[in-house]
Structure formats: C-alpha cells, structure tokens
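> Mind looking at a prediction? Sequence and model below.
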Amino acid sequence: MESWYVPDTTFYMQEYEEGVSGGCSIDGVPPFEWVIKKSSDLFAGKKVVVFALPGAFTPTCSSQQLPGFEKNYEEFKKLGVDEIYCTSVNDAFVMRSWAEDQGLKNVKMLPDGNGDFAEAMGMLCDKSNIGFGKRSWRYAIVIDDLKIVHNFMEAGWSEDLHPVDPFEVSSAENVLSRLKNEVGS
C-alpha cells in the first residue's frame with residue numbers, strides 16, 4: 001500500500017489544568033488555555049489512530065464509532081498505538097462537552113472547527129442538505145511518525161451533497177483487526 005504524509009494543519013485546542021493562571025473560566029468550567037498545535041506537534045514520532053466523523057453528539061458517532069475506540073483503547077495500546085484521536089468539524093468547546101458526555105478517559109479530542117484538517121485530507125464534504133454545512137467525511141487513519149500507513153475511508157464520498165452516512169470500514173473493530181493481522185504476519 002502506498003503511504004502519504006498527514007497534512008501539517010493547525011488545531012485550536014484547549015488545555016485544562018489545575019492551577020492554570022490567566023486562563024478562562026466560565027460557569028464552573030475549569031480554567032483552560034487556548035493552545036495552537038500543528039499536526040506535527042501531535043503526531044511526530046508516534047503511532048496514532050485518528051478517526052473522523054461528521055459531528056459531535058450525532059447518533060452513529062455517539063453510539064458506535066467513538067465508544068468503539070474508547071472501549072478498545074487498551075487493545076490498540078498493545079499493538080503499539082500511542083494515542084487515539086477523534087476529530088470532527090466542531091469547536092473545542094463542543095468537543096470537550098461531548099467527551100464529558102461520553103465519559104472518555106482515553107480517546108483525545110481533536111477539534112477541527114474551521115474544517116482545515118478535513119479539507120487538507122480531502123475529506124471535507126457538504127452536508128448542508130441536512131443542515132450540517134461543511135463537515136468531515138467518516139474515516140479512520142493510522143499514522144506512523146507523520147506517515148499515513150492505513151486509510152479506512154467510508155464508501156460514497158464525493159463533492160456532492162451527502163444524504164447518507166455510511167459506517168462500515170472506519171469502526172474501531174475493523175481498524176484493530178487490520179493492525180492485529182499486520183502483527184500476525
């Protein structure tokens with residue numbers, strides 16, 4: 001399989017730490033600092049899984065895709081995966097709220113509020129026909145030191161409007177199976 005490098009786009013993130021001074025605090029939300037990270041800051045020198053989905057709090061994303069990666073986190077770690085990131089064209093506040101709602105302990109949120117990463121990956125799609133606007137197509141990738149070594153893109157992507165939202169190949173179980181088969185060979 002041919003590999004390519006992950007685009008070095010910018011992510012506008014929040015870091016929450018106890019004792020952060022000068023950060024924002026809103027209605028009981030702990031202080032945070034805005035942090036700007038590049039893909040290279042997050043993925044260089046690591047083996048990571050990134051899975052992308054159309055939106056936080058949406059049915060398939062919340063009931064199947066995100067929980068599958070959280071549940072299988074330790075299995076991924078056994079196969080040498082350093083981190084698992086969930087990305088969506090949502091801002092950092094939404095992604096944090098969704099992580100809290102899902103009770104995440106392991107999967108890290110990667111907000112792509114402007115859709116820069118989705119666009120650079122060639123995965124920005126138009127879902128305005130269902131009121132979503134521009135969103136990420138559903139896929140998962142395995143990145144090894146900035147190189148995309150596996151791509152699990154759902155079928156049906158095009159630049160036209162998307163009335164369907166397939167979820168078959170980008171599941172945690174499918175990605176995990178591929179990595180296990182790789183180790184076994």
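Done, it's in.

> Distance from the chain centre to the lengthiest strand in the chain, please.
When the chain is parsed with DSSP state E, its longest strand is strand 29-38. Centre-to-centre, strand 29-38 and its host chain are 17 Å apart (Cα atoms, centre = their mean, to the nearest Å).

> Pull the residues that contact the next helix-or-strand element following that strand.
Using DSSP states H and E, the helix or strand that directly follows strand 29-38 along the chain is helix 39-43. Residues from elsewhere that reach helix 39-43, judged by Cβ atoms under 8 Å, 6 or more residues apart in numbering: 6-9, 11, 48, 83, 85, 110, 117, 143, 145-146. The way it works is simple: take the backbone N, C-alpha and C, and place the C-beta from them, glycine included.

> can you list those in JSON lines and add pLDDT?
Converted to JSON lines, these look like this (pLDDT from 0 to 100):
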{"residue": "6", "pLDDT": "96"}
{"residue": "7", "pLDDT": "96"}
{"residue": "8", "pLDDT": "93"}
{"residue": "9", "pLDDT": "96"}
{"residue": "11", "pLDDT": "96"}
{"residue": "48", "pLDDT": "98"}
{"residue": "83", "pLDDT": "98"}
{"residue": "85", "pLDDT": "98"}
{"residue": "110", "pLDDT": "97"}
{"residue": "117", "pLDDT": "97"}
{"residue": "143", "pLDDT": "98"}
{"residue": "145", "pLDDT": "97"}
{"residue": "146", "pLDDT": "97"}
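
> Tell me the buried residues in the longest strand of the chain?
By 16 or more other Cβ atoms under 10 Å, the buried positions in strand 29-38 come out as 31, 32.

> just stretch 72-82 next, same as before
Buried, per 16+ other Cβ under 10 Å, within stretch 72-82: 72, 73, 76, 79, 81.

> Stretch 108-122 now?
Buried residues in stretch 108-122 (16+ other Cβ under 10 Å): 108-113, 115-121.

> pLDDT below threshold where in the protein?
Applying pLDDT under 70 to the chain flags the ranges 1-3, 17-30, 158-163, 185.
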